[in-house]
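Visitor: whatever this is, show me its structure:
(one chain, ligands or ions: 2)
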Amino acid sequence: MRKPITEAGADLIDLLLGEHGCILALMAHQERRMARMSLRELQECGAALEAVLQAHALEEDQLLFGAPGELPAAVRGTLQAMYGEHQEMRALLEELKKQRQAVRARASLKRLMELAREHFAIEERALFGLMRQWISPEKLRELGLLYARRRGMQLPG
Ligand SMILES: [Fe+2]
Ligand SMILES: [Fe+2]
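Guide: Ligands and ions are numbered 1, 2, ... in the order given. Next up is the predicted model:
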């Protein structure tokens, strides 16, 4: 029997976690070649990372951080800190585009990767659990469907 839509399919947190896994795989791939890369190659890596990191941060900023109504101050504070780190990653990406020496571009890219990994770990260890406590499963699945539509995905319903 087909389940009602609110009881089936991935919710927004599941989808964001999957995206973390994908971005971590991309960074590991880039990191393996980073020591031998030219300035242009390092900046191309930055452009690829920018595409996935920006898309990911935008979904979190708009769907997750923007959605809930009443949240305790401590949860709001964690959300605010994550939003600040998204801005920090954007600034690092901009810095990388302006670099004119491979050694400096490599350092910016490395800092960006470190920040992204630490940021993902905090979301995975703390923020996403808090979100599951404070946002209903139905709402999270609804947001998952919205995410899927925005990305052009077909979620099983
Ligand atoms: Fe984030
Ligand atoms: Fe995230």
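Visitor: gap between G129 and Y83?
Guide: Per Cβ to Cβ, to the nearest Å, G129 is found 18 Å from Y83. Glycine gets a C-beta too; all of them are placed from N, C-alpha and C.
Visitor: and L49, by the same measure?
Guide: In terms of Cβ to Cβ, L49 sits 19 Å off from Y83.
Visitor: which one's more surrounded, these two?
Guide: More neighbours surround L49 than the other of L49 and Y83, with 22 against 14 (other Cβ atoms under 10 Å).
Visitor: helix or strand for the more buried one, which one?
Guide: helix 39-59 (DSSP states H and E).
Visitor: what mean pLDDT does that helix have?
Guide: In this model, helix 39-59 has an average pLDDT of 97.
Visitor: ok now that helix, how far from the chain's centre?
Guide: From the chain centre to the centre of helix 39-59 is a distance of 12 Å (Cα atoms, centre = their mean, to the nearest Å).
Visitor: same question for that helix: list its buried residues.
Guide: Residues of helix 39-59 classed as buried: L42, Q43, C45, G46, L49, E50, L53, H56, A57, E59 (neighbour count, 16 or more other Cβ atoms under 10 Å).
Visitor: ok, and what's touching that helix?
Guide: 16, 19-20, 22-23, 26-27, 30, 33-34, 37, 86, 89-90, 93, 96-97, 99-102, 105-106, 108-109, 112-113, 116, 147, 150 (Cβ atoms under 8 Å, 6 or more residues apart in numbering).
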